[in-house]
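Engineer: I would like the atomic coordinates for the input below:
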Amino acid sequence: MLRRISPQARASAALVTLQRNSFALETLRTRLESEICLFSKSEQAKDTGGYQELTVALGLVREGEHIISELAGRIETAGMLDEFIAVIDSAALSLNKIKNDIERLVPSAEAVLEDLSRELARLYAAETLDLDTSQISCAISLLHCPQESSPALKLDQKEGRNNQASDENTDCQEKGHLLT
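Structural biologist: Numbering: from 1, shown residues only. Model prediction:
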């Protein structure tokens, strides 16, 4: 059974391996440099092939260290790129949710705007009919107390309280003005 390993886990494992190899190459380079230093002190050893082999090996080790450092940098860059992609993906999901919320709210907002437009048109039409002040005060009182049979109004009337909205409502009914 194959196990799926995330790209981040693979990058982390590769980076650890590269760090371990880099440490091994650094140790090898240090040993080679110390051996070359010992060979350089003895004039006879320089003439033998061992000295040249050590310098070639040291050059190869240095190139290997350079390659490993380049790979480590690229793996780190790939990890950062993966994190960046995750952030962008999360942002895209958030924007999609916002878009869905807006699409859901637009019909409600349109309905409210239609209602508001109808009410404004009705008020404009009422204004153009030159309503007298008693009709306007009736409209205002009906807005404040739309149901004259409310329990609070009956209680006020029973106790003989002077309720301004109640009085205005009664005046409107006596004059025969009703708003629909």
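
Engineer: Look at residue 5 and give its secondary structure.
Structural biologist: coil (DSSP: H, G, I helix; E, B strand; the rest coil).

Engineer: mind checking the backbone torsions on it?
Structural biologist: Residue 5 adopts backbone torsions of phi -110, psi 130, taken as degrees, to the nearest 10.

Engineer: what helix or strand does residue 65 sit in?
Structural biologist: helix 49-128 (DSSP states H and E).

Engineer: Report how many residues lie close to residue 53.
Structural biologist: 10 (other CB atoms under 10 Å). Glycine gets a C-beta too; all of them are placed from N, C-alpha and C.

Engineer: Next: the one 10 residues further on.
Structural biologist: A count of neighbours around residue 63, defined by other CB under 10 Å, yields 11.

Engineer: contacting residues for it?
Structural biologist: For residue 63, no contacting residues are found, by CB atoms under 8 Å, 6 or more residues apart in numbering.

Engineer: same thing but 10 Å
Structural biologist: By CB atoms under 10 Å, 6 or more residues apart in numbering, the residues touching residue 63 are residue 25.

Engineer: Per-residue pLDDT of it, please?
Structural biologist: Looking at residue 63, its pLDDT is 93.

Engineer: One more: residue 149?
Structural biologist: Residue 149 is given a pLDDT of 44.

Engineer: Equivalent analysis for residue 134, please.
Structural biologist: Residue 134 is assigned a pLDDT of 60 by the prediction.

Engineer: How about residue 8?
Structural biologist: For residue 8, the predicted pLDDT is 74.

Engineer: okay, now it: neighbour count?
Structural biologist: As a burial measure, residue 8 scores 13 neighbours (other CB under 10 Å).

Engineer: which one is it nearest to, not counting chain neighbours?
Structural biologist: residue 82 (6.0 Å; CB to CB, 6 or more residues apart in numbering).

Engineer: show me the contacts for that neighbour.
Structural biologist: With CB under 10 Å, 6+ apart, residue 82 has these contacts: 6, 7, 8, 11.

Engineer: Distance-wise, check the third one relative to residue 74.
Structural biologist: Yep, that's residue 8 we're talking about. 15 Å (CB to CB, to the nearest Å).
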